[in-house]
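Student: Turn this into a model:
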Amino acid sequence: MLDIEADIERHSRTSGPGDRGPVDDRAVVVQLIAHGGTFRVESTTRILDAALAMAAEGGLAKVSIEGIAERAGVGKRTIYRWWPSKGAVVLDALAQRVEGQQSKSFEAPPDADFPAALRELITDTWVHAVGDQLPVLSWLVGEAQHDPDLAAELRRRLIDPARARVATWIRRAQDQGHIAPDIDPSRVIELVYGQLYYRLLISPGPHDASFADDVADLALRGLRPR
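Tutor: Residues are numbered from 1 along each chain as shown. Sure thing, here's the model as predicted:
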């Protein structure tokens with residue numbers, strides 16, 4: 001067991017009246033390391049890895065703070081200092097995984113072969129970035145329906161950043177004449193990703209490259225300039 005709690009407690013006790021008080025900000029990790037604290041970034045990695053592995057193995061119902069702490073080799077108090085619930089830990093783990101696997105397809109402007117570029121975008125952002133963690137995403141979406149805080153974090157960490165990146169990509173495609181200029185990028189996102197989320201949540205089926213191609217082909221019928 002790492003002596004993380006002791007460092008956090010010392011930081012909390014030494015905070016002044018105008019300070020934030022008990023640790024509730026990840027920036028404190030940097031402060032602790034800079035001042036020789038024993039908190040290690042590896043512990044956060046172990047916590048997130050443990051949470052994501054447990055969720056992948058049995059869904060959120062099988063995840064517990066106690067289980068995460070045991071698997072990660074930390075105390076429960078350490079986890080509660082940083083995350084308010086097991087869902088928040090799993091979401092953080094999934095968000096960091098997705099952020100770490102974002103493809104450069106967002107950065108490259110759609111080329112002359114726009115259908116191929118759209119297929120690549122869908123494959124990269126869904127099949128590759130989320131991949132075998134799709135069940136975890138579906139469980140988080142379900143949990144968010146009765147957890148307003150988790151729902152807000154889901155939008156902030158996953159949904160909104162993804163929408164912003166795809167919307168920018170779509171506007172570039174419109175500027176190049178690939179997509180009708182009068183279509184709201186938000187509606188394009190719903191047309192494309194609505195198909196993906198419907199299969200994930202309502203009508204189970206494979207989420208592979210072939211499905212991504214079908215999604216792109218169907219969307220293209222309504223997006224081309226007339």
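Student: for the nearest residue to Gln96 once chain neighbours are set aside, what are its contacts?
Tutor: Leaving aside its chain neighbours, Gln96 sits nearest to Leu48 (6.3 Å; criterion: C-beta to C-beta, 6 or more residues apart in numbering). C-betas here are computed from N, CA, C, even on glycine. Shown in contact with Leu48 (C-beta atoms under 8 Å, 6 or more residues apart in numbering): 89, 92-93, 96.
Student: make it 7 Å
Tutor: Each residue near Leu48 by C-beta atoms under 7 Å, 6 or more residues apart in numbering is listed here: 92-93, 96.
Student: Is it within a helix or a strand, and which one?
Tutor: helix 41-58 (DSSP states H and E).
Student: For the next helix-or-strand element following that helix, give me every contacting residue.
Tutor: Downstream of helix 41-58, the first helix or strand assigned by DSSP H and E is helix 65-72. Identification of contacts with helix 65-72 by C-beta under 7 Å, 6+ apart yields 46-47, 50-51, 54, 75-76, 79-80, 86, 89.
Student: top of the residues you listed by neighbour count?
Tutor: In terms of neighbours by other C-beta atoms under 10 Å, the contacts of helix 65-72 top out with Ala51 at 30 neighbours.
Student: where's the closest residue to that residue other than its chain neighbours, which helix or strand?
Tutor: Take Ala51 and drop its neighbours on the chain: the residue closest to it by C-beta to C-beta, 6+ apart is Val89, 4.3 Å away. Here Val89 sits within helix 86-100, counting by DSSP H and E.
Student: Downstream of that helix, the next helix or strand is which one?
Tutor: Counting by DSSP H and E, what follows helix 86-100 is helix 114-122.
Student: Enumerate the positions of that next one that are buried.
Tutor: Buried positions in helix 114-122, judged by neighbour count with 16 or more other C-beta atoms under 10 Å: 114-115, 117-122.
Student: again, but for stretch 179-190
Tutor: 179, 185, 188-189.
Student: what's the model's confidence in it, averaged?
Tutor: Computed over stretch 179-190, the mean pLDDT rounds to 92.
Student: how about low-confidence regions in this protein?
Tutor: The model of the chain has pLDDT under 70 over residues 1-40, 101-112, 225-226.
Student: could you redo the last one with a cut-off of 50?
Tutor: Low-confidence segments of the chain (pLDDT under 50): 1-38.
Student: From Gln174, how far out is the residue nearest the centre of it?
Tutor: The centre of the chain sits closest to Ala95, judged by C-alpha atoms, centre = their mean, with a distance of 2.5 Å. Noted for Ala95: a distance of 28 Å to Gln174, by C-beta to C-beta, to the nearest Å.
Student: now swap in Ile65 and tell me
Tutor: Where Gln174 is concerned, Ile65 sits at a distance of 46 Å (C-beta to C-beta).
Student: How about Val215?
Tutor: The gap separating Val215 from Gln174 is 19 Å, by C-beta to C-beta.
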